[in-house]
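Student: I would like to see how this sequence folds:
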Amino acid sequence: MKTHLAAVGSVVGSAVLTAGALLGAPAASAQTTAYPTTPFDVTYGASYVRGTLTWYNRSVGVEGTLRAVGCRRAWFGAYSASHSQLDVKSTSTKCDVTYPIKTLLNADVPGGAAYVIVCLDDANANPLKCERYYRP
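Tutor: Model (predicted):
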């Protein structure tokens, strides 16, 4: 009987030691998933708006450049899968300048924005050219 208890004690001791070693092991580092991105480029004559859309869960980041030859504006609209407008942002009118753009479009619906429309407008906010970019 003594031998049996010693064997059981040895197995239990090994199990406790193994569990202790696992519990004391450093946790695996959490990996962050990069958000998908989409490049955009809307060019009209010598003017353009270019950059990258970053598709977050409930918003879309816009980062890029407006090059205005004459007077131009950049316009961005986020839309749901049912084509409802979720948010709109634009620059003010810029004339004969290269201007950095960094903004966030709210898309507070399940799944976020389905697509973004990017427009290059004239000085009076009339669209000269627009492109639609879908969530990847």
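Student: in the chain, where's the longest strand?
Tutor: strand 59-79 (DSSP state E).
Student: off-centre distance for it?
Tutor: 16 Å (Cα atoms, centre = their mean, to the nearest Å).
Student: on contacts alone, who are the packing partners of it?
Tutor: Here strand 59-79 touches strand 47-55, strand 85-90, strand 94-106, strand 115-122, strand 127-134, going by 3 or more Cβ pairs under 8 Å, 6 or more residues apart in numbering; DSSP states H and E. C-beta here means a position set from N, CA and C on the backbone, and glycine is covered the same way.
Student: the shortest one: partners in the sheet, and parallel or antiparallel?
Tutor: Using DSSP bridges, the neighbouring strands of strand 85-90 in the sheet come out as strand 59-79 (antiparallel).
Student: pull out the buried positions in the partner strand.
Tutor: The neighbour-count check on strand 59-79 (16 or more other Cβ atoms under 10 Å) flags 59-62, 64, 66-68, 72-79 as buried.
Student: compute the inter-axis angle for it and strand 115-122.
Tutor: 70 degrees (axes from the mean of the first three to the mean of the last three Cα atoms, to 10 degrees).
Student: export strand 59-79 as PDB, just CAs?
Tutor: Presented in PDB, the C-alpha positions along strand 59-79 are these (Å, rounded to 0.1, in the frame of the first residue of the first chain):
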ATOM      1  CA  SER A  59     -15.200  54.700 -38.700                       C
ATOM      2  CA  VAL A  60     -12.900  55.400 -41.600                       C
ATOM      3  CA  GLY A  61      -9.600  57.200 -41.300                       C
ATOM      4  CA  VAL A  62      -8.700  59.500 -44.200                       C
ATOM      5  CA  GLU A  63      -5.100  60.600 -44.700                       C
ATOM      6  CA  GLY A  64      -3.700  62.200 -47.800                       C
ATOM      7  CA  THR A  65      -3.000  65.300 -49.800                       C
ATOM      8  CA  LEU A  66      -5.100  67.800 -51.800                       C
ATOM      9  CA  ARG A  67      -3.200  69.500 -54.600                       C
ATOM     10  CA  ALA A  68      -5.200  72.500 -55.700                       C
ATOM     11  CA  VAL A  69      -4.300  74.100 -59.000                       C
ATOM     12  CA  GLY A  70      -6.700  77.100 -59.000                       C
ATOM     13  CA  CYS A  71      -9.200  76.700 -56.200                       C
ATOM     14  CA  ARG A  72     -10.400  73.300 -55.100                       C
ATOM     15  CA  ARG A  73     -11.900  71.400 -52.200                       C
ATOM     16  CA  ALA A  74     -11.700  67.700 -51.200                       C
ATOM     17  CA  TRP A  75     -15.000  66.000 -50.000                       C
ATOM     18  CA  PHE A  76     -15.400  62.600 -48.300                       C
ATOM     19  CA  GLY A  77     -18.600  60.700 -47.600                       C
ATOM     20  CA  ALA A  78     -19.100  57.400 -45.700                       C
ATOM     21  CA  TYR A  79     -22.000  55.200 -46.600                       C
END
